Structure formats: C-alpha cells, structure tokens
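Novice: Quick one: sequence and predicted model below, then my questions.
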Amino acid sequence: MLWFIGRRAAIAVPTLVAISFIIFAILDLAPGDPTSHLPLTIPREVREQIRESMGVNDPFLVKWLLWVKQVMIHEPISLIEQLFNVQIGSGERTRVISWQSRGPVVETIAERLPQTTWVMGLAFVFGILIAVPVGVISAYKQYSVFDQIGTFVSMVGYSVPTFFTGLLAIVIFSVKLGWFPSYYDTTLEVTDWSSFVAQIKQIVLPVGVLSMFNAAALSRFTRSSMLDNLSEDYVRTARSKGLKEKRVLVRHVLRNSLIPVVTLIALQVPGIFAGALITEQIFRINGIGHLLISSIHGGDIPMVQTLSFLIAALTVLFNLVADVVYGMLDPRIRYD
Amino acid sequence: MKKIIRLVAVLAALTLVAGACGSDDDAAAPAATEAPAATEAPAATEAPAESLSELNVAYFLEWPTANQVAQVEETYDERLGMTVNWLPFGSGGDMALAMESGDIDIAYSQGLTPFANFVTSGSELEIVGVAVSYADADNCVAHPDYGVTAANAAETLAGQKVYAPVGNVTHYKLLKMLGHLGVALDSFEHVPSDGGAAAVAAFESGDVAMACAFGGGVLSMLASGGNLVMTGSEQEDIGIRVFDIISIPTQFGIDHPGVVETFLQVTEEANAAYAGGRRALEATIADAAGMTVEGSNALLDMFSFPDRATQLSDAWLGGTVQDVMKQQMDFFVEQGEIPKALDSYDAFVNTSFLSNISDVEVVMTSSGAGEGGTVTILYWQAASTLNAYLSGGWKDRDASSVILEPLAEFDDQGVLVPALATEIPTVANGGVSEDLTSITWKLHEGVVFSDGTPLTSDDVVFSWEYCSNPDTGCTGASGFDGVTSVVADDDLTVTITFAEATPFPYVPFVSNSFPVISRAQFGDCVGAASAECTDENFGPIGTGPFKIESFTTNDTAVYVMNENYRGVPDGKPYFGRVVIKGGGDAPSTARSVLELGEADYAWNLQVEPEILASMLAGGKGKVISAFSTMVERMMVNQTNPDPDLGDDRSEWLDGTNPHPFLTDPVVGRALSISLDRQTMVDVGYGEAGRPTCNVWPAPPAQTSTSNDECLTQDIDLANQLLDDAGYLDTDGDGVRETPDGMPMKILYQTSTNTVRQATQELVKQDWAKIGVDTELRNIDASVFFGGDPGSPDTYGKFYADIEMYTNGAAGVDSQAYMGSWTSSNISGESTNWQGSNVQRFQSDEYDALYAELTQTADIDRRNEITIALNDLVVGNYSIIPLIHRGSVSAASNSLTGYKLNPWDAELWNLEEWARD
C-alpha cells in the first residue's frame, strides 16, 4: 500500500508539471490583454508601459519557468514563513503578482479560502447527510411514493442549474419573504449571539442551494448502488440467516453500496476549495470561485493560472486519496 | 397695571436667582449677571426697570449670528424676564435713527461706520460690545475679464467702472485698499450701489471691472468667476478691520445697566456655545436669519464672534475700535464725504457693562463627525487596489478617492473646485503664468495625513516622481505628459512647469485619478518596486475623510473616519464607517438597494431598463443618472479593409487606400439618418442614455447643434440621398451598388455585450430599409479592446467597415480627446496599431484647428474650436454618434448629500453624504 502511494505520488510530480505547462500555455496563448478592461481614455502608450511593467511581453518559456519556480518553490516557502512566522533564507524572492491588484496572488487566495471552505464544506456535508438516507430509502422502497418524489426532486435538483435556483431562492426568501439577506456580508465577524444568527442567516441560502445540488447527484448514485447490492446473493443469505432487516440494510448492503459513493465524494473534495463559480457570484460570497470569475473578467492571467493550477493539484491529490480509500473499503482491491 | 408688571418682574428675578443659586456654595459666579442688579444696587436699577416692560432689539436679516440661537429659543426673554422684540433693519444708519428716536434699545451687529457717522454728527449712542468680525465677508471682487489683481490694479482699473456703496465700511475698505495699492481715486469711475443684488447683477453683466459688496453678494461674485483683489487677512495686515458692534443709546445704559449686562451675558453664552460646536446650531441660525443652511454657513465661515476677554483687549474695545472710528471718519473727511471728524471717539465706547459680566467657558461639543454609523456602497466590480495610480479602472479610482485627495477636483457639474489647494490658479489671479507654461498651486495650511504627519508640497512633488517613472507602470502617466518639472517653492506652494504652453493646465493633480500620495509612505515604492508594495497599495495613507480599516482585494474595502480630516470640526464626514462591497452583478446590486434596502448605494447599474423599472417598484430607493462625454458611436473606416489587400488592409497609405464607399459623406449621412436612436435608448439604455449626433456632447457651451438632423429617423430621405448620388440597386437583389458596381455590404463589429448586440440588430434592420446589407460580428471585449498586435480583431486594427464602442474624454477639457483624430494619430502598422485615430480620419482643416486649440487659452474661443472640431469629424461621417451615455446609480431613500459626478470619482463628496 505504501509502495503504491509512493509510486503514485512520484507520478504526480511530472503530471503536475505537465498540467502547469498546459494551463500556462492555454492561458498565455489565448488572445486577450490585461489592459483591455481599462477605460479607453488611457492612451495606448501608457497601456504599453503598464504591460511592460507586468512582464507581459517577456518570451513565453521565460515566463513559464519563472512562474513554475514561483508557484512551486517561492510561494510554498512564503506560505510556511507566514504560517509559522519564521524567515527562510533572505526572505527576498519574487512572487506571483496579480495584474489587477498588483499584490501577491497567493495571499489573495489565502484570504478567500475560508469563505469558500465554510460555504462549500457545509454544503458538502449537508449534501451527504441528505443524499445517503434518501438514496437508501429510495432504493429499499423502490417505486414507492417516497422513491417517486425523491427521484423527481433529485432530477429537478440535478438538472436545474444553481444560477436559476439561486436567483429563485433570492426572489422567494429575500425579496418576497424577507427572511434572509440576498448577499453575503464578508465583513461580518461572529462575536456574539446576534452576529452568529446573522452569520447563519446569510449562509442559509447559498448552502441550501448548493446542498440541494450536491445531494441530487449523490442520492441517485447511492440509490442505484443500493439497488445493485440489494439483489445480491449475500443479502438473501443474510436475511435467510434471520438477521434483522435494519442490520441487513445498514451493515451489509449500505456498507458495500458506499464504496463507489465514497470514491465519488473523495473526487468532489477539490470542489470545496475550488469554490462554486456561479453560486458565489450570485450571493456575492468572496470565495475562490468569485475570485476566479473576477480575475477572468479582469484579464488577470497570473491569478487565473495559479488558481487553475491549484485546483488541478488538488484534483490529482484527491484522485490518489480516492484510490487509497477505495482500497481500504474494499479488501478485494489491492494495488500491488 | 404697573404693579402687575412689577410683580412679574420681581417674580422672574426671584426665579432666576433661585435657579442660579441651586447650591449655596457656588452661588457667586452664576448669579453675577442678575444678582448685582437685584441686590448690590437696588436703588439704581430696579426703579427705572419698572418702566421697561419689553426690550426692542435691532438686527439684520440674512446676517446669521451665533446669538440667534438665543433669540429663537427666547433665552434673552427668559433671562431678562421680559419680552424681547427683535426688529429687522435694512441698514446701520436706520438702526442709529431708531435708537435716537427711542424705538430701539439695543442694536445688535450695527456697522461701525454708520455708528461713527451718527455720533460724529451728535447722536448720543455708545458701543457696548463687538458683535461680529468679518474681514472676508465684506470685500471687492474683480471681474475675470478685466484681470485686476493686487499687482496690476493701478493699470487695470484705469478708466474702468467700480461698483461700490457710499459712506459705509465697504466704501471705506475700497478706498483704503486702493490707496494701499497706489490707485489714484480719480482714475476710475465709482458707480454708487447698495452693495447687494445690484452689485452682483452689475458684476455678472461684465460691465464693471470690480464690484464691492458684503455677505452673500461677495460669495455670488466669487462663484461666478471673480477673484478677490486682496483677501481679508491681507487687508487686516494693512489695518483694515471690518466688524459690527453692539450699540445702545447712552441714556438707556444709564437707566438699565442690568438689562444691558444681561443681554451681553446671554450673547456671550450663545457665542461660547457656538464656539463649542457649530453644527448643531446651523439650522436654527439659518432659520432665524431667513436663509438656507448652505447660504448661512457660507457666511458663518467668514465670521468670528470674539469673546468677552478678546473684546476688552487692546485689539478691540481697549483702543483699536476707537482708533478705527477716528481713522474712518478722518478718511471720509479727506474724501469730502463728511465735513469734520471728532478729535476722539473714546467717549463712545463703554466697556463697563462688558467688564461686569462673566466669562463663559467654551465646552467643545462633538461636531457630529463620524456619528452617522455605517454606509454600505455596492460596486459590482470590486476594487482591486486602493492606489489610483496603479489601476485605471474607475472602480479602483473611486475606492481610492475615499482616502486620497487631489489638489482640485471636478464637481458634479464639471466645475473645477479646490480640494487640497486653497484656490484654482488662473492667469487672472497669477497662479498660471502669462505664457501658460506653468501653474502654481497653494496648499491649505495645516492639512495632515491620517497618520498625523503634515502634508507638504514635497508630497506633491513625490507623487509626480512616482507616477512619471516609467517602471512604476502608472496608469495615470498620461496625466503628466508634457510636465517638465514639479517643484516645491515652499512647504505649501508647488509649481508645475510644462514643456510648452498649456492652455488647460488642470490635469496633473486635478481629479481623483491623480491624487497626492505621501512620500513618507510610498518613498520606497517608486519604479519596479511599486508592485511589491502591497501593504502601501492596499492601505494608502491620505488626507481624505476616511482611512482604511480593512481591505480584501477584489472584494470589500472597509473605511473608518479619519480623525485628522480637516472637515471634522465642521461635522464631516457624517458617516463613521464606509463599506464598499464588491462582487455580484449590476442587477443584484440594484436589487439590494432598490428592492431590499440592504445597502445604501449601488454603483454603475448597467441593467436593462425594464428590469430596473420593476425593481424601482420596491420603493426602497431611487435611480440617479449623470452624463459626461461618453458616447457610444460607430467608427466608420475611411480605409479599405478588404482582406484581399493583405497587409495593406485598413492601412491609410497616405490616402491612397480609401474605403470603396464609406468616405462619401452622402453615404455616411444616409447611414446616420436611417437609424432610430430613440429605440436603441429604449431597448438598451433607459435612464442611462439619450440620442446624440455629436461626439462631444457636453457641456452645453461646447455642444454643437448643427448635426441634430440625425435625431429623427428619416428612411425616405436616406433612400433619396443614395438614389441621387448614384448608389442604386442595379441587380435587384435588394442591396444597392456603388456607381462602380460594388455591392454596399458592411461588416459591422463590436464587443460582446447584450446591449451592443441588440443595437446591432436594430441597425441591421434600419439599414436593410435603405438597401445596405450588414454583416454583424461581435468580439470578446478582452480581445477587441486589447492591444495584442498579433490579433486581427482589435479595434485598433479595425479589419471591418464599421465598429462600435464607447469612449469619452478623461475630464471636462476637450483638448486631449479631440487630439485623437489628428492625422498624426492615424492607426496603422507603422504605429503598431496604437494610434487613437482608429477610423483613419484625415483632414488638414481639422489638424489646423486642433493646433489652434492647443495654443488658445480663451474659454469662448476654445468652446468654438471644440464645436468646430466636433462638426468636422461628425460632418464627414467618419464617426456616427449614437447614444450619449450616462452613468446610472441607485441610492436608498434615506441617503442624502450624494451628487452623482460624471466628471470625477463617484464618491468624490463622500464627506457630505448623510442619512435622514
């Protein structure tokens, strides 16, 4: 097992380098100009100066190597420095600088991460908490009223995009009923009961919308996986041994059915950090997705490159995690 | 009857004494006012007081004074135990007459000159106090056309008319001032006036070189472009004092000393309350003066109300007042206005009353600054940085303008107003050199940055060094084009020198795009280091009303009041905290303000008109709009973009590569008048747009009316024009051909944007009606507006027949913008497609006119040239203007004080914002 993890980790490094090259190349070679969003009143010579100061006009390979060095070496060191409040080396190293804010990209990302993990994480947890029981009951009582309704709701939840459900939720709960605020106040600090209530209130709509979406897909997977297992021989064996139905269902069927579901969940984890592009935009949550979109709009290529790379790296990592977890859950699977 | 009055008086006195003597221990001091009258000298005061049932006080309307709070609140009545009648008068002379006749007991704020005039001729009056001192509020204003300054007054005033009253202090000041400046008094024509509205009217007619007035008259004349020949403090330096007095008939003082003392005591207390904090009293004073709060405050700004100790000092009643009276009277004798003056005026000042009253300690009340809570402002594009020099985006400039200030800024009408500077330098006031190559700004004294360090002219110099360094990547660099040096003459004076005559020198450090930053903070951030100065860029230290509390880039900026802001004593800013929340999109921010009332203000609402209308029904806020010079226009390619031409497509080639038909003004005219601009507005812009036929659409004085034909769609005329010019549909396919047989097909490109695509569709339909076939194309904005020389789709390359986008001038001046379309700026390969003349327009007449503009300082002529340039470029149809675009914002109903400013930062006057 350890050998397997080590091997996979070793493969991940060239994979990431290749990914970094592809991301960098696609974004860099794509048409576009960081100064294009500036007002036209700024003369073109000044734009050229700005581009020059951003290093836009350097050769491609130079830019890429510099960026790789910054992202893979400089930024992690800076991060460690910040986290543990120590200085490594001279402390003088070039960092990835955003074209829009002219500040270090990684610091901005670090600033945004809490909001995203908070909202996405909750939505993820709630999604699982809803999806698994719904999937189990739907499968166990296949074609019952509950199953029909569950199927209908999850189909709707899965097929209707969040930018629609989000707006719908705002119109109903903010505009018409006035229960919740329509946007997320990022300056709110939880210090007492009332600010805690305010925090809960502002998080309800985005988390609700995202949980719905997450749960929809997951409950379908759980249901079909449960159905597969319910018809297996070992279920009949368990029942014929006189086990209680609950025990059959939870200890035998569910445990086996969760194997593909867990893999799916593990693969969704990077999404917690990647943020929800649309939902964050609608509720004005200053998370990673929001940052990615505003950077794309602003032509802030270093920010987009770094974010994309980060997401790619997390995806590689959690693929590995999924494989490992799969192996642990299913003793039949051995990688070495 | 008398018995009853006496009883009331005694009761009132008793009540007062009892009230004042709440505690036996400290009874002495507060009782001082009434107690002496009631106890120490009962025989002298009480007996005549019997005869006094009410007090008649003379005052001026439209002359706000601190004691008017006591007047309105009837403090005088309570303390005197009698009714006080406040009678408005028109002049100090009338007050003196009324005192002589016994109708008036006390005159508050009588002018010194009429008083002196009356006592000289034998009236028995005396001065018991100084009411108000106002050197600036009574002054002579020079008309801008005549260019009178202190330096050249003798020459410029010779033979001209001067409007001034006769026999009062204004007259005295005029004569003293001109004497000081060496102007012969017979060298100009003195037109007598009353110093009020008539003087302002004469001034505005431009008939007079200088007009002298007091109060609001001075303000109106300054507002209409006049300049002070000498400031109030300069005049005080040469011994010209201007103040009003408190006077009484001498006999009244003998009969009722207690009443006079109480009157002075209440006045003293009112003055002390005013000195402790004006803001809370402003409305009451304005109301009593019969003025608006703004008008009253403008006068109060120039007033001071000396306290008892100051009044008794040598500077006032201790001798100076007597001397000034003597001087004035001697002066009028000299001028032949009066026959003779008295030898001494000492007998007409009686300080015994003032000496008997007690000092009142000034307790500073809070000015109210920062007590208005939080204002939440939504920007759907979040600020990326707070350093306006590192981002040309308006969102960033706005966020930066809350902290940083320029020397001067444009107000919501496009008028230049001083910010850190004391005044706007002009040629007339000597701030701009005669040859137009330098401008000298004077900074306000005592301005400090939010960290407490003083602002000096060195910071201004540094800001220039910072931005003009090419490695800084300063987006405002073009604002300093042509600046050869910025020099600190002294701590508060800075001179900017230009390489050549610059008729409009109000670009460097004018508007919030070019603010003053601190050398102490940014000193190490010049050049390439600028990018590493994240802390500085995200938290600049400025002189503005707020300072940063927390900033998360591309998200939220939270500001708190800057306690060191110079407006704090006046209660500005009202809000203590500002949150600029970014993100979302325009409709969602509009909804937050208009429908939900969650936020106070939402910026730049590019929202479809019908959606905005439905949100307005929420009733929580209102929509405001303002227009600068932004115009959505079609650029009409004057060169041939045919792909078959290879590298020569859309190249000017000295005019050898003209477009097959778009250089013909007849075609341009037909294309223009066939468009229905109103429908474009209704569909895509609503409040945020109006049809226009000019590429320079504002302000009115610079707006041409000769192109207005295009405002009404006229398909028939367009068809007629094309028919007559030989553009006929010869092959019957519904598309006209040029006389050379080329079909009139137009490739029409713009950036990707729903409104623009809707406009494109409308245009295509309209043009189909005149037999012109249109192919539509839209390109992603980041490519279209980008400068990538490798991309064929940039607006600079213009590989199409017509392209559409919005542009406008960076400020109110047309020069830089009109320079876009000179021949030297034609875009093409030789300039890497960086030229601003993207339609490849060429006109020698235009070039010559533009050259004249760059050398012209006269405002009227500049306006004429601007109109002519507009007409040339529009009349040739190389530009077809469509929509004059405004900015639209939303404000909650409770918010006040905001003024949507299309010429400068939207948050330019945040210190004035308040909540009902």
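Specialist: That came through, no problem. A quick note: this is a predicted structure, and the numbers were derived from the prediction, not measured. Residues are numbered from 1 along each chain as shown, chains lettered A, B, ... in the order given.
Novice: closest point of the stretch 51-200 of chain A to chain B, which residue?
Specialist: The nearest approach of the stretch 51-200 of chain A to chain B comes at A:S53, 2.9 Å away (Cβ to the nearest Cβ). Just so you know, the C-beta spots here come from the backbone N, C-alpha and C atoms, and that holds for glycine as well.
Novice: next structured bit after the lowest-mean-pLDDT helix or strand in chain A?
Specialist: Every helix and strand of chain A was ranked by mean pLDDT, DSSP states H and E. The lowest is helix A:44-54, at a mean of 76. Using DSSP states H and E, the helix or strand that follows helix A:44-54 in sequence is helix A:60-69.
Novice: The residue of the stretch 51-200 of chain A closest to chain B - nearest residue in space that isn't next to it in sequence?
Specialist: Leaving out its chain neighbours, the residue that sits closest to A:S53 by Cβ to Cβ, 6 or more residues apart in numbering or on different chains is B:G473, at 2.9 Å.
Novice: again, but for A:M303
Specialist: A:S295 (3.9 Å).
Novice: same question, B:V560
Specialist: In space, B:V560 is closest to B:E549, 4.7 Å off (Cβ to Cβ, 6+ apart).
Novice: just to revisit the earlier point, just checking, what packs against the least confident helix or strand of chain A?
Specialist: With contacts taken as 3 or more Cβ pairs under 8 Å, 6 or more residues apart in numbering or on different chains; DSSP states H and E, helix A:44-54 sits against no other helix or strand.
Novice: any idea how far B:M82 is from B:E74?
Specialist: 11 Å (Cβ to Cβ, to the nearest Å).
Novice: With neighbour numbers in mind, choose between these two.
Specialist: B:M82 (19 against 11; other Cβ atoms under 10 Å in any protein chain shown).
Novice: What sits closest to the more buried one if chain neighbours are left out?
Specialist: Nearest to B:M82 is B:E54, by Cβ to Cβ, 6+ apart, at 5.3 Å.
Novice: what sits against that neighbour?
Specialist: By Cβ atoms under 8 Å, 6 or more residues apart in numbering or on different chains, the residues touching B:E54 are B:82-85.
Novice: change it to 10 Å
Specialist: B:E54 makes contact with B:5, B:77, B:80, B:82-85, B:105 under the criterion Cβ atoms under 10 Å, 6 or more residues apart in numbering or on different chains.
Novice: State the number of residues packed around A:P260.
Specialist: As a burial measure, A:P260 scores 17 neighbours (other Cβ under 10 Å).
Novice: quick one: the residue lying closest to it once chain neighbours are set aside and chain B, what's the gap?
Specialist: Closest residue to A:P260 apart from its sequence neighbours, by Cβ to Cβ, 6+ apart: A:S225 at 5.4 Å. Per Cβ to the nearest Cβ, to the nearest Å, A:S225 is found 39 Å from chain B.
Novice: And A:S225, what's its pLDDT?
Specialist: Note on A:S225: pLDDT of 89.
Novice: quick one: what helix or strand has it in it?
Specialist: In the assignment (DSSP H and E), A:S225 maps to helix A:193-230.
Novice: Which strands or helices does that helix pack on?
Specialist: helix A:105-140, helix A:145-159, helix A:162-169, helix A:255-274, helix A:277-283 (3 or more Cβ pairs under 10 Å, 6 or more residues apart in numbering or on different chains; DSSP states H and E).
Novice: will you turn those helices into TSV that also has mean pLDDT?
Specialist: As requested, the helices and strands packed on helix A:193-230 are exported to TSV (pLDDT from 0 to 100):
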stretch	mean pLDDT
helix A:105-140	87
helix A:145-159	88
helix A:162-169	86
helix A:255-274	82
helix A:277-283	82
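Novice: Near B:D287, how many other residues are there?
Specialist: Count around B:D287 with other Cβ under 10 Å applied: 15.
Novice: Sticking with it, tell me its helix or strand.
Specialist: helix B:282-289.
Novice: What is the helix or strand that that helix is followed by packed up against?
Specialist: Heading C-terminal from helix B:282-289, the first helix or strand you meet, by DSSP H and E, is helix B:293-300. Applying 3+ Cβ pairs under 10 Å, 6+ apart, one finds that helix B:293-300 contacts helix B:216-223, helix B:282-289.
Novice: residue contacts, whatever residue of the stretch 51-200 of chain B ends up closest to chain A?
Specialist: Closest residue of the stretch 51-200 of chain B to chain A, Cβ to the nearest Cβ: B:P144 (29.2 Å). Contact analysis of B:P144 by Cβ under 10 Å, 6+ apart lists B:206, B:224-227, B:426-429, B:859.
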